[in-house]
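Asker: What follows is a predicted structure for the sequence shown.
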Amino acid sequence: MNAHDEDRMKQLLKQAIRPAGDAEPEGDLWPAMLQRLDAQPAAPPWFDWALACGLAVFAVIFPAAIPVFLYYL
Amino acid sequence: MNTHPYVRAYLAGIFAPTLVLPLILVGFIVVRLVLAAPFPIERFLVFPMALVPTLFGLWNMLYLASHERLHQSIGVHGMVLPILGAPLGALLASCLGVLEFGAHGVTYFQYVHVPYVVLPLLVPAAMAAYYLVWKYVVGFLNRTLGIA
């Protein structure tokens, strides 16, 4: 590889790799991280509530099923 | 915490039934002492005390092993377990005399009568209960123990 090839390779590499620019973040990232850590977990979807309500209704209508359920859990 | 993931999966799996077991034991002891109902407690306890936690643990290990390939949700994975466990439990209960088949229904523990009409409803109800338990209890433990 002669000097011309090396220059050509450098030029190609500079074109391919985006310049890093300013390495510092635009702002302080820690408050956003704290906010994310403090965020409440997502509420259960309506389908899960419907299932839980259905199970409660089933237990009220067929209370004999409760010990059977406990046997299998 | 990257070591022994299957041991952690097993421990997370057995947590829920192990938590429920003392409640079952207390409930049935109270019923037996207060109502003097002739329940064969020692026979009844075999399935929930010995087999159900083991099934939960092994099922959670299977979830860990298959999740990368199947990408199934943990709720759906747990929902399938009653299809495997219910016949096994019924067979064991029948062999131990805890479950008796009658003309119009089955009788659990010589006391709880479940008509045959209700039995088909028990399967989807059990699947729904298992779905919720696996999604919220086992899933939470899996995340806490760094499995999922």
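Answerer: Thanks, I have the structure now.
Asker: remind me which residues of the chain are low pLDDT?
Answerer: You didn't pick a chain, so chain A it is. Counting by pLDDT under 70, the ranges of chain A that qualify are A:1, A:20-23, A:25, A:40-41, A:73.
Asker: My question was about chain B, not that one.
Answerer: Chain B contains residues with pLDDT under 70 at B:1-2, B:37-43.
Asker: And chain B, is the lengthiest helix in chain A touching that?
Answerer: Taking DSSP state H as the criterion, chain A has its longest helix at helix A:46-61. Yes: applying CB under 8 Å from any CB of the partner chain, one finds helix A:46-61 touching chain B at A:D48, A:L51, A:A52, A:G54, A:L55, A:F58. For glycine as for every other residue, the C-beta is placed from the backbone atoms N, C-alpha and C.
Asker: What residues does chain A have near chain B?
Answerer: So far as CB under 8 Å from any CB goes, chain A lies against chain B at A:44, A:48, A:51-52, A:54-55, A:58, A:62, A:64-65, A:67-73.
Asker: From the centroid of chain B, which residue is nearest?
Answerer: B:V52 (4.8 Å; CA atoms, centre = their mean).
Asker: If we go by neighbour counts, what in the helix or strand in which it is found is buried?
Answerer: In the assignment (DSSP states H and E), B:V52 maps to helix B:52-70. Along helix B:52-70, these residues count as buried under the neighbour rule (16 or more other CB atoms under 10 Å in any protein chain shown): B:52-53, B:55-64, B:67.
Asker: Give me the helices and strands touching it, please.
Answerer: The contact analysis (3 or more CB pairs under 8 Å, 6 or more residues apart in numbering or on different chains; DSSP states H and E) places helix B:52-70 against helix B:5-35, helix B:74-79, helix B:81-96.
Asker: Let me have those helices in TSV, adding distance to chain A and mean neighbour count as columns.
Answerer: Shown next, in TSV, are the helices and strands packed on helix B:52-70 (distance: least, CB to the nearest CB, whole Å; neighbours: other CB atoms under 10 Å in any protein chain shown):
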stretch	distance to chain A	mean neighbour count
helix B:5-35	5	16
helix B:74-79	8	21
helix B:81-96	5	16
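Asker: quick one: the residue lying closest to B:W134 once chain neighbours are set aside and B:N142, what's the gap?
Answerer: Ranked by CB to CB, 6 or more residues apart in numbering or on different chains and with sequence neighbours excluded, the top spatial neighbour of B:W134 is B:G78, at 2.5 Å. Applying CB to CB, to the nearest Å, the value for B:G78 to B:N142 is 11 Å.
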